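K.L.:
what follows is a predicted structure for the sequence shown.
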Amino acid sequence: MTAIPGPRPAVPLRRRSALLLAVGCLAGLALFSWPLLITPGDGVGRATDAPWLFAAILPLVLAIVLCELADGGMDTKALALLAVLSAIGAVLRPLGAGTAGVELVFFLLVPAGRVLGPGFGFTLGCTTLLTSALLTGGVGPWLPFQMLGAAWIGMGAGLLPRRRLRGRGEIALLAVFGAVSAYLYGLLLNLAFWPFTLGSDTALSYVAGSPVADNLHRFLLYTLATSTFGWDTGRALTTAAAIVLAGPAVLASLRRAHRRASFAPPAAPAPDPSGVPLPVQWRGPAGGRPVDHLPQR
């Protein structure tokens, strides 16, 4: 009896891809946290350059894909799967449209990153948010920050521990990760645009050149008052509930697609010294038992 293959492990990061991801993440963290780093002489006006600076690291996404293709971590079938998942995410996003924090798009990033690896999850987060923004007309200075935040969610799901974790334990881990990442996503987006939202004459306003602890204290109070108990909580509950309800089916489908999409092309049989052609094994259309066929003369 032929054993049924189990779930394949996620695609590991190659060295070059890991280096590119590390550089992109460090640059992204610097761009998110610019309010805490600038000096009084820099002025708040220079902060508007942040989206343009971030746009300079967007080619890293393409570089990661190219490195994965060159190193064998991704093939054309994986690229096709990336396109399909990005399209599904782009369709899911307008369904919630952010109303009361309902965001279904993040639910798909977590199982995809879990099954297909951190590199795939990072790329999927960027392409999904970009595609959905083009679909809904949500292109603006916030888009690069949304793309990077979603990319970190997909990458983080791919970096979660894997040993002997299946079934309810895995779903619970992904649900908790989805909820926590939803809060962190809102926190990071608030940090990028907080200096422009309140002006300079309130107790929670950004003060250029103020000590990091003081600005961070004002920012946390601002986040708690404006989004943590509203939008962020709605996003966290939606993501966790979707993972609990639909996560097992989505994980099974992605793992099945992962197994079938990563097969290498069959090698040609070596010629027999006696001159008799060797039989070629061919699997039926439903992946059934191998059938031997002699090449036609």
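P.N.:
Here it is on my side, so go on.
K.L.:
could you pull up the mean pLDDT of stretch 198-206?
P.N.:
What stretch 198-206 shows for mean pLDDT is 77.
K.L.:
just the strands in this structure please.
P.N.:
280-283, 290-293 (DSSP state E).
K.L.:
ok, residue 249 - contacts?
P.N.:
Applying C-beta atoms under 8 Å, 6 or more residues apart in numbering to residue 249 gives no contacts. The C-beta positions use only the backbone N, C-alpha and C, and glycine is treated the same way.
K.L.:
any idea how far residue 256 is from it?
P.N.:
11 Å (C-beta to C-beta, to the nearest Å).
K.L.:
what is in contact with those two at once?
P.N.:
Common neighbours of residue 249 and residue 256 (C-beta under 8 Å, 6+ apart) do not exist.
K.L.:
check the burial of residue 168 by counting its neighbours.
P.N.:
9 (other C-beta atoms under 10 Å).
K.L.:
for it, which residues are in contact?
P.N.:
Counting by C-beta under 8 Å, 6+ apart, residue 168 has no contacts.
K.L.:
gap between residue 204 and residue 79?
P.N.:
From residue 204 to residue 79 the distance is 45 Å (C-beta to C-beta).
K.L.:
now do residue 241
P.N.:
31 Å.
K.L.:
what residue ranges in the chain score low on pLDDT?
P.N.:
Scanning the chain for pLDDT under 70 picks out the ranges 1-14, 38-58, 60, 68-75, 96-101, 137, 261-297.
K.L.:
can you tell me the centre-most residue of it?
P.N.:
residue 154 (2.5 Å; C-alpha atoms, centre = their mean).
K.L.:
who's the closest spatial neighbour of that one, skipping the chain neighbours?
P.N.:
Setting aside the residues directly before and after it, residue 154 is nearest to residue 121 in space (C-beta to C-beta, 6 or more residues apart in numbering), at 2.8 Å.
K.L.:
give me the neighbour count for the one you found.
P.N.:
Per other C-beta under 10 Å, the neighbour tally for residue 121 reads 29.
K.L.:
same deal with the one 10 residues further on?
P.N.:
Look at residue 131: counted by other C-beta under 10 Å, it has 18 neighbours.
K.L.:
that one: what's it in contact with?
P.N.:
Here residue 131 is in contact with 86, 87, 89, 90 (C-beta under 8 Å, 6+ apart).
K.L.:
next one: residue 91
P.N.:
Taking C-beta under 8 Å, 6+ apart, one finds residue 135 in contact with residue 91.
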